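Asks: Sequence and predicted structure are below.
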Amino acid sequence: MTETHATISPGAPVFPAGRYGRRREPGGRTRRTLLATLALLVLAASLTLISVRLYKQYGDPVYDAQVITYTDITDSQVRVDFRVTVPSGGSAVCVLRARDRAGAEVAREEVTVTAAPGDRHVTTRHRLATTARPFIGEVLRCRPPA
C-alpha cells in the first residue's frame, strides 16, 4: 500500500475536497476588522485634535476666581478680597455673596473687575453691604462682561 503525503502543516485537520463547502482563508475577516477599527481610531483622534485646536483658538477663555480672605465682618457688612484670572488686559463680571451662619444669603452683588494691559490677574477688595450679620463672603462665579 502506498501512502501520499499532503503539503499541509502538521496538526491541521485535513478535509475531503468539496465535501464541506468552500474553506475561508485564515485571517481574512480579522484583517478587515482590524483595518476598519484602525481607520475609526485615526478618524476619532483627528477629530479630537481638530476640536481641541479650535476650542483653544475660538473657545471661551477661563475666568477663574479665588477668595483670598473675607474680613471686617460686622452686623451690616463683610469685606471680600479675591483674585480673578481674565484674558490679558480683559475684564470680568463676578457675582459675590455673603451668607449667615445658617447658610441663608444676606447679600449678593455683581462686581466688574478689569486687568491692566498685559496682565491676566486682578486682585480686588470689595465691601458687601448685608441685611444681617454675615458668616462668610464668597465669589460664586465670574463671566465675561455682556
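Replies: Cool, got the structure.

Asks: rest of the way, CA atoms for contacts and neighbours
Replies: Will do.

Asks: Tell me if I'm right that residue 135 and residue 99 touch.
Replies: Yes: Residue 135 lies in contact with residue 99 (CA atoms under 8 Å); the separation is 5.8 Å.

Asks: buried ones in the helix or strand hosting residue 51?
Replies: Element membership for residue 51, per DSSP states H and E: helix 28-58. For helix 28-58, burial by neighbour count (16 or more other CA atoms under 10 Å) applies to no residue.

Asks: Mind checking the pLDDT average for it?
Replies: Taken as a whole, helix 28-58 carries a mean pLDDT of 88.

Asks: Flag every buried residue along stretch 85-97.
Replies: So stretch 85-97, judged by 16+ other CA under 10 Å, has buried residues 85, 86, 87, 90, 91, 92, 93, 94, 95, 96, 97.

Asks: can you count the residues close to the closest residue to residue 95 other than its chain neighbours?
Replies: Nearest residue to residue 95, sequence neighbours excluded (CA to CA, 6 or more residues apart in numbering): residue 110, at 4.5 Å. Applying the criterion other CA atoms under 10 Å, we find 14 residues in the vicinity of residue 110.
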